[in-house]
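> prediction below, plus the sequence it came from.
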Amino acid sequence: MEMKKLRGQFRSTIWDPTLILSQILSVQFIFYCCLGLWLLLVNAVSGAYCSLDLLFKYEEIHVQNFGGRAVIAAFVLNSLTGAIALWFIVCRTKQCLDFAATAHFLHLLICWHYNSHFPATLSWWLLNAACVTIMCVYGEYLCLRTELQAIPLSVGPKADL
């Protein structure tokens with residue numbers, strides 16, 4: 001089903017659920033792969049253990065020791081990586097908030113399932129709110145720079161006379 005092109009809009013809007021779903025899955029895949037890599041890197045530096053608890057357990061996010069701060073650093077670095085993923089996969093400034101919020105909402109659901117209870121720690125909520133904000137704003141910045149690049153009006157003189 002094709003929606004009508006709105007007047008003054010640069011691109012037409014086409015409802016393509018397959019594209020949207022594949023973009024969501026791609027962003028989520030990159031979100032977890034890069035988060036795992038960041039956690040491996042910061043834990044190699046800190047000398048801490050690596051497990052799935054670092055990705056999903058609420059109690060792992062704290063500022064009481066270096067291990068908890070390393071997990072927080074990995075999440076923040078991952079939000080920057082996620083913004084780059086938004087730039088490559090989504091490519092639209094208007095949709096960065098939607099995809100960043102979707103990735104973190106799916107992370108909430110997975111964490112809720114993993115822990116068997118809804119998150120109640122303030123540090124988990126503050127970190128995820130900060131990360132979705134960083135991912136969205138930086139992703140919008142990157143996409144906006146791409147969208148505002150000059151469109152060449154002429155390619156050059158015609159050679160096929």
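Now that the structure is in, tell me what you want to look at. Numbering: from 1, shown residues only.

> by mean pLDDT, point me to the weakest helix or strand of the protein.
The helix or strand of the chain with the lowest confidence, counting by mean pLDDT, DSSP states H and E, is helix 53-56 at a mean of 90.

> which one is the residue nearest to the spatial centre of the chain nearest to, not counting chain neighbours?
If you average the C-alpha coordinates of the chain and look for the closest C-alpha using C-alpha atoms, centre = their mean, you land on residue 82, 3.3 Å from that point. Closest residue in space to residue 82, ignoring its immediate chain neighbours: residue 135 at 4.3 Å, by C-beta to C-beta, 6 or more residues apart in numbering. Where you see a C-beta, it was placed from the backbone N, CA and C, and this is true even at glycine.

> what does residue 36 give?
Closest residue to residue 36 apart from its sequence neighbours, by C-beta to C-beta, 6+ apart: residue 55 at 6.8 Å.

> so who does that neighbour touch?
For residue 55, the set of contacting residues under the criterion of C-beta atoms under 8 Å, 6 or more residues apart in numbering consists of 32, 35-36, 39.

> before we move on, the earlier item: how far does the least confident helix or strand of the chain sit from the chain's center?
Centroid separation for helix 53-56 versus its chain: 17 Å, with C-alpha atoms, centre = their mean, to the nearest Å.

> now residue 62. Its backbone dihedrals?
Recorded main-chain torsions at residue 62 are phi -160, psi 170, according to degrees, to the nearest 10.

> and residue 128, how far from residue 99?
If you measure residue 128 against residue 99 using C-beta to C-beta, to the nearest Å, the figure is 15 Å.

> the more surrounded of these two?
Between residue 128 and residue 99, counting by other C-beta atoms under 10 Å, residue 99 is the more crowded of the two (25 against 19).

> which secondary structure element contains the more buried one?
For residue 99, the host element (DSSP states H and E) is helix 96-115.

> about what we covered before: next, the buried residues of the least confident helix or strand of the chain.
Of the residues in helix 53-56, those buried by neighbour count under the rule 16 or more other C-beta atoms under 10 Å are 54-55.
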